[in-house]
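Colleague: I would like to see how this sequence folds:
(chains A and B)
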Amino acid sequence: MTRKLFALLGLLMVVILVLGACAPAAPAPTEPPAPAAEEKESLGLSGALADMTWDEIVAAADGQEVNYWMWGGSDTINAWVNGWLADQLKEKYNITLNQVPVAGAPDFINQVLGEKEAGQDTDGAVDIMWINGENFRTMKKADLLYGPWAEQVPVSEYVNWDDPSVANDFGYLVEGYEVPYWKAQVVIGYDTAKLPEPPPTMEALIQWIKDHPGKFTYAAPPDFHGSVWVRMMCYYAAGGYEQFLGDFDQALFDEKFPACWELLNEIEPYLWRKGETYPETVAALRELFAQGEVWFEMGYAPGGVQARIAAGQYPETVRTFVFDEGTIANTNYTAIAYNSPHKAAAVVAASFMISPEAQYSALEILHQLPSLDTNLLPEEWREKFETYPFGPAVLPLDVLAAHRLPELQSGWLIAIEGAWRENVLEQ
Amino acid sequence: MIADWRERLRIPLMLMPAMVVILLLFLGGLIMGLMQSFEYMPVIGKNDFTVQAYVNIFTNRTFLRSLTLTCWIGFASTILSTILAIVCALVLRQGLPGKRFVTFVFQLNVPIPHIVGAISVMLLFTQSGLLARIAYLLGLISEPADFPALVYDRYAIGIILEYLWKTTPFTGVILLAVLQSIGEDYEDLARTLGANAWQRFRYVVLPLIMPGVLRSSVLVFAFTFGAFEVPYLLGQTFPTALPVLSYLFYHDVDLNARPEAMAMSMIIAGLITILILIYMKLTETYMRAD
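Modeller: Numbers count the residues shown, from 1 in each chain, chains lettered A, B, ... in the order given. The predicted structure is shown next:
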């Protein structure tokens, strides 16, 4: 009896301890260092960085560590982030960049959301995030982002905030809650050693798929490469994208998209493994392409194939193309979590990522398209960007620019991903 | 008196570090999940308890297909690995040359994580994996698609292969210990009474090892039913094993899908709890019988 009593007592102590551990810790404000001698105008950022000038923010960032949560499915991008970018941030600002590779944005959304639920409002695990589209919308709507800050930082003078494809993220207003990072446009990779002339249009590709059973597949949505591929096929099947620009319209969706599911089901028997399964991620798709199981790969980075050739993942003979009618293009961004414990370093690091140096390095090493407007740059940088020699597997910038299709608002994306599962995958 | 106090406090105190971890991480997470499965999520403005998520998933064809697949994976892996383990244990019990070495190799994979096993299965058995490459070199197949689909396939062969690789030695090691503790006297007796090899196995050895077989297969089933990483890496896109489906729902951009993800996790947790109770009951019964 007494033994049980003591066991209970022990349990009680444990509960008390646990509750104690859960209770919100007293906030430990990271006091900014004393203002610099020269008084400059404060940037007017919100929250912890209010009333600070840029120099003060840079000073506060000194010695901080930022956790950068980003999609980690590309070895070349990971190497650049952990190499060039991390080195530069350390050298220029004494900021330690710690990459947290994730399979997709939901990983960090759940992390920040979980912290908010637990009342962890000041000391979150996420500082900066690579984000766009529906994920940005979800986070902004749930008040999980820090901001506005992006239009006030000095480097944003190189960003053209009047460009609708920058000021709107998949049709959702950015309002200074994220800063553009890279431009993305879908390009399709193929091996000239096997296929000298790629099909020029979606229509021709669909014919090719039927003529070559088992040699084509796409990553299963919600992988974002799979998702964009389904959208492009739906643009084709439903008679053009123009009608879908604007807010999500359930009636229009129900009327027009069955044609798309019909097309996708029609080609399914001709896909890799007869469409009984799909690669879960674009990384798996590229593995299949590298192994020769399928003959096309796809990517959102027009220079990705060149980078994968340089990394030895693909043979030298791989090239990229876009359809005559165009491929989907968008902008991706960097955002800061509302409970980031290192906001100063996060703002500085995110600003640096869109600086001409960083954008040029990413162009050079990763062939990522810059999101800053080269026309707003100082003369010497503008020239460097405009005369950049791309490798043979990268399409010229003007060809890409002439073949851009817009993204739809995220309401459409969510509906399409759900309907794809229901009407194609689960059929 | 004081010494007595100390003595009595000793056990709860020594248990405390482990209890803190279990209560905080396990029970805490479970309770949060349970609340969310009843759609109680104040952070996104849901303040009422409902069972809608459970109604939704039990009327959802995707969930039911995943449940069927998960049961298939669990039963197939458990039954096959148990049979294999019995065979292996009986063979390893014999005093064959090199027995110690073979027993060592047999147990080698016990500490290797499942995820490593899953990657190995992928490297070996996919249509562009090592076996497919060998088949290609031997001229047995002319392109990757000719190789049989053993991974990402509708019968979950890749997943079951991985579980066999990993759980057979687990069960085998337990049975080997049981066999050693039984000794060979009963069999010798049966032999002198004229029982043949099959009769000795069926009526002597099997009943003796049955408690061990049952206990280890309940554990194997509970694991293969609830594990995530192997079906995630080796499974088909649709239908997926339940833990993978729950993960997909959890990762839906629409936060409203979360209660359903949590409801699935609760169902998995509930089923496994029932299995653990069965396991405890079995252990108790046989211990009494002993």
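Colleague: The residue in the stretch 151-300 of chain A that chain B sits nearest to and B:R133, how far apart?
Modeller: Per C-beta to the nearest C-beta, A:Q291 is where the stretch 151-300 of chain A lies closest to chain B, at 3.7 Å. All C-beta spots, glycine's among them, are computed from the backbone N, C-alpha and C. Distance, A:Q291 to B:R133, by C-beta to C-beta, to the nearest Å: 9 Å.
Colleague: Next, the buried residues of stretch A:101-113.
Modeller: A:P101, A:V102, A:G104, A:A105, A:P106, A:D107, A:F108, A:I109, A:Q111, A:V112, A:L113 (16 or more other C-beta atoms under 10 Å in any protein chain shown).
Colleague: Make CSV out of these and add pLDDT.
Modeller: Formatted as CSV, these follow (pLDDT from 0 to 100):
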residue, pLDDT
A:P101, 95
A:V102, 94
A:G104, 87
A:A105, 91
A:P106, 90
A:D107, 92
A:F108, 95
A:I109, 94
A:Q111, 94
A:V112, 95
A:L113, 92
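Colleague: if you look at those residues, which of them are in strands?
Modeller: If you go by DSSP state E, those have A:P101, A:V102 in strands.
Colleague: Can you tell me which of the buried residues of stretch A:101-113 is nearest chain B?
Modeller: When these are compared for distance to chain B (C-beta to the nearest C-beta), A:P106 wins out at 3.9 Å.
Colleague: who are the neighbours in contact with the closest one?
Modeller: A:N135, B:Y250, B:H251, B:D252, B:V253 (C-beta atoms under 8 Å, 6 or more residues apart in numbering or on different chains).
Colleague: mind running it again at 10 Å?
Modeller: Residues in contact with A:P106 (C-beta atoms under 10 Å, 6 or more residues apart in numbering or on different chains) are A:L113, A:N135, A:T138, A:P222, B:Y247, B:L248, B:Y250, B:H251, B:D252, B:V253.
Colleague: From B:G139, how far off is it?
Modeller: For A:P106 relative to B:G139 (C-beta to C-beta), the value is 46 Å.
Colleague: And for A:E65?
Modeller: As for A:E65, its distance to B:G139 is 56 Å (criterion: C-beta to C-beta).
Colleague: Looking at the two, which is more packed in?
Modeller: A:E65 (12 against 7; other C-beta atoms under 10 Å in any protein chain shown).
Colleague: Tell me the buried residues in stretch B:115-126?
Modeller: So, applying 16+ other C-beta under 10 Å, buried residues of stretch B:115-126: B:G117, B:A118, B:S120, B:V121, B:M122, B:L124, B:F125, B:T126.
Colleague: and what of stretch A:267-283?
Modeller: The neighbour-count check on stretch A:267-283 (16+ other C-beta under 10 Å) flags A:267-268, A:270-273, A:275-283 as buried.
Colleague: Between these, which sits nearest B:M264?
Modeller: For the buried residues of stretch A:267-283, the residue nearest B:M264 by C-beta to C-beta is A:E280; the value is 18.7 Å.
Colleague: The closest one touches A:A220, doesn't it?
Modeller: Yes - using C-beta atoms under 10 Å, A:E280 is in contact with A:A220, at 6.0 Å.
Colleague: Now do the shared contacts for those two.
Modeller: By C-beta under 10 Å, 6+ apart, A:E280 and A:A220 have these common neighbours: A:G226, B:T237.
Colleague: Can I get the host helix or strand of A:W420 as PDB, trimmed to CA atoms?
Modeller: Following DSSP states H and E, one finds A:W420 within helix A:410-420. The C-alpha trace of helix A:410-420 is given here as PDB (Å, rounded to 0.1, in the frame of the first residue of the first chain):
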ATOM      1  CA  SER A 410      -3.200  28.800 -54.800                       C
ATOM      2  CA  GLY A 411      -6.900  27.900 -54.500                       C
ATOM      3  CA  TRP A 412      -6.600  26.300 -57.900                       C
ATOM      4  CA  LEU A 413      -3.400  24.500 -57.000                       C
ATOM      5  CA  ILE A 414      -5.000  22.900 -53.900                       C
ATOM      6  CA  ALA A 415      -8.100  21.900 -55.900                       C
ATOM      7  CA  ILE A 416      -5.900  20.400 -58.700                       C
ATOM      8  CA  GLU A 417      -3.700  18.400 -56.300                       C
ATOM      9  CA  GLY A 418      -6.700  17.000 -54.500                       C
ATOM     10  CA  ALA A 419      -8.600  16.200 -57.600                       C
ATOM     11  CA  TRP A 420      -5.500  14.500 -59.200                       C
END
